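[1] Need the 3D shape of this:
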Amino acid sequence: MKKLSLLASVAAMGATAYAGPLLQVGDDLDVSFIGSVIGKWTNNVTWNSYKSYDDYLITTRVGGEAVYGKNKAFTVTARAYEDLNRYMQHERFDSNLTNVIVKAAYQSDAFNANAHFSFIQAAQNTDTTVNDENLARTNTIKAGVNGSYVISNKVIVDAGFDYVDIHYTNQQNVYTDSTAYIVPVSLLYKITDKLSAGLSYQYRQTNYDNSDMSPSKLYSRMLYGDRTQDHFVGLTLRGELTEKLSSEVYVGATIRDSSGGVLDNDDTMFTFSAKFNYQVSDKASVYVKGLRDFGNGAQRQNSESTGVDFGVNYILSSYITSYAYGGYRYVDYVNSPSGRQDDKIFAGVGVSYAPVKWGSLALSYTYYDNSSNLQSSSYMAHLVSASLSIKY
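    The predicted structure is shown next:
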């Protein structure tokens, strides 16, 4: 009974609010304390079909946030926090995870730019790191900059660069670190003031780390090689189709070149990313997103993924907001020795309550079901979460 009341106890702790920054430096810099207590229950901690672990998790989050240049052309938001994760029954899954997130933006009449940096520590399995006894622990660094320049009243150029580095801090004899470099470029023509169309190109290269090679990692290297290179060429549509309907569409072809492996994973595929958002009313909006693209796994696997996402956001009152979403993925692990193919569905609902400005209460439920012809990669999981967050 004590354990069953855990989530209810967290949810009953009360609401939170924002009474102003902890420290204010001049007119441009605000520094605030942020903190959360998050209670979770899941029936399958490690996302495994053979041996699932049912457990409760308490996360204590402590950190700070700095905001520079509010309501100005140049703004920076930096947030750093530590998550102290403690499981009630399986202490070996406990972790202390550091997170740093920085975002910057610049806006002018002719030029807009956004930059980001993040360092995220995680202890969570994925579809390619499923293990019945461990959680994959990773340090992920992401950084990038994207800009948009108005050449004329009708012509816009977008360009950017993104960097993603994934480092496994456990199970290093199985999973391979990777580094990805992504360069997107678009040339757009303004059909109306709020709708643009044009041509896009994206280069993406993923390099795998070849140091500290165990027999398992040597086998993966022999099969899949040292890197993948993707070239996307296609059409772009972005902006408001009607007063209530907005879009962001990329559709074309991607050429994948895999280097160094014995399996022939070179391919050309029709790929796309299409998102549409419809503002039903002042309180409700719905969206749908379709996608098809190549992917990379934790053991260098090549994959082709096709899917759809949909969701709704609804404002119940000035204090209460809610959402619901769902999605489907079909993933084909191309030329893998096992012939692995996955059908995955996921869905979730949530609600947040913020009667005052210095914080919020939130409740959510998420469902995952990955059905694979490779039994060890199938799993089903339920996740219930309740959180109390503060900021001052």
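[2] now the helices for the stretch 51-200 of the chain?
    Using DSSP state H, counting those that start in this stretch, the stretch 51-200 of the chain contains no helices.
[3] can you pull out the strands in it?
    Taking DSSP state E, counting those that start in this stretch as the criterion, the stretch 51-200 of the chain carries its strands at 55-68, 74-87, 95-107, 111-123, 137-150, 155-168, 178-192, 195-208.
[4] what inclination does the top helix by length along the chain have with respect to strand 195-208?
    The longest helix of the chain (DSSP state H) is helix 215-224. Between helix 215-224 and strand 195-208, the angle comes out at 130 degrees (axes from the mean of the first three to the mean of the last three Cα atoms, to 10 degrees).
[5] Can I get whichever helix or strand comes after helix 215-224 in CSV, CA atoms only?
    Downstream of helix 215-224, the first helix or strand assigned by DSSP states H and E is strand 227-240. The C-alpha trace of strand 227-240 is given here as CSV (Å, rounded to 0.1, in the frame of the first residue of the first chain):
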residue,chain,number,x,y,z
ARG,A,227,30.8,5.1,-41.5
THR,A,228,27.7,6.1,-43.5
GLN,A,229,27.2,9.1,-45.8
ASP,A,230,23.7,10.4,-46.8
HIS,A,231,22.9,12.9,-49.5
PHE,A,232,19.3,14.2,-49.6
VAL,A,233,18.0,16.3,-52.5
GLY,A,234,14.4,17.4,-52.6
LEU,A,235,11.6,20.0,-52.5
THR,A,236,10.6,22.1,-49.5
LEU,A,237,7.3,23.8,-48.5
ARG,A,238,7.2,25.8,-45.4
GLY,A,239,4.7,28.2,-43.8
GLU,A,240,1.0,28.9,-43.5
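[6] Please compute how far the helix or strand following strand 227-240 lies from its chain's middle.
    Downstream of strand 227-240, the first helix or strand assigned by DSSP H and E is strand 245-259. In terms of Cα atoms, centre = their mean, to the nearest Å, the centre of strand 245-259 is found 18 Å from the chain centre.
[7] Next: stretch 69-84.
    Distance of stretch 69-84 from the chain centroid (Cα atoms, centre = their mean) equals 19 Å.
[8] Give me the contact list for it.
    28, 30, 34, 59-68, 95-108 (Cβ atoms under 8 Å, 6 or more residues apart in numbering). Just so you know, the C-beta spots here come from the backbone N, C-alpha and C atoms, and that holds for glycine as well.
[9] that older thread, quick one: mean pLDDT over the longest helix of the chain.
    Averaging pLDDT along helix 215-224 yields 87.
[10] again, but for stretch 150-157
    If you average the pLDDT over stretch 150-157, you get 94.
[11] repeat for stretch 332-349
    According to the model, stretch 332-349 has a mean pLDDT of 93.
[12] Use 26 as the first number from now on
    Shifting the count to begin at 26 puts that one at stretch 357-374.
[13] which residues are in contact with it?
    Contacts with stretch 357-374, where a contact means Cβ under 8 Å, 6+ apart, come from 152, 248, 288-290, 292, 322, 326-330, 347-356, 389-399, 402.
[14] from the residues you listed, which ones fall inside helices?
    Among these, the members falling in helices (DSSP H) are residue 248.
[15] Make a ChimeraX selection of the buried ones in the contacts of stretch 357-374.
    To isolate the buried members of the contacts of stretch 357-374 in ChimeraX, using 16 or more other Cβ atoms under 10 Å:
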select :152,248,290,322,326,327,328,329,330,347,349,350,352,354,356,389,391,393,395,397,402
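[16] Just the ones in strands from the contacts of stretch 357-374, please.
    292, 327-330, 347-356, 389-397 (DSSP state E).
[17] returning to that earlier point: relative to strand 270-284, how tilted is the longest helix of the chain?
    Helix 240-249 and strand 270-284 meet at an angle of 100 degrees, taking the same axes, to 10 degrees as the criterion.
[18] buried stuff in helix 240-249?
    Buried positions in helix 240-249, judged by neighbour count with 16+ other Cβ under 10 Å: 242, 245, 246, 248, 249.
[19] what sits up against that helix?
    With contact meaning Cβ under 8 Å, 6+ apart, helix 240-249 is reached by 198-199, 201, 233, 235, 238, 283, 285-288, 290, 324-327, 361-362.
[20] So among these, which ones count as buried?
    Listed as buried from those are 199, 201, 233, 283, 286, 290, 324, 325, 326, 327, 361; burial here means 16+ other Cβ under 10 Å.
[21] on that earlier part again, for the strands of the stretch 76-225 of the chain, which one sits closest to residue 342?
    Nearest to residue 342, of all the strands of the stretch 76-225 of the chain, is strand 80-93, at 26.2 Å by Cβ to Cβ.
[22] Relative to that closest one, what are the paired strands and their orientations?
    Applying DSSP bridges, strand 80-93 is found paired with strand 54-67 (antiparallel), strand 99-112 (antiparallel).
[23] Show me what counts as buried in the last one.
    Of the residues in strand 99-112, those with enough neighbours to count as buried (16+ other Cβ under 10 Å) are 100, 101, 102, 103, 104, 105, 106, 108, 110, 112.
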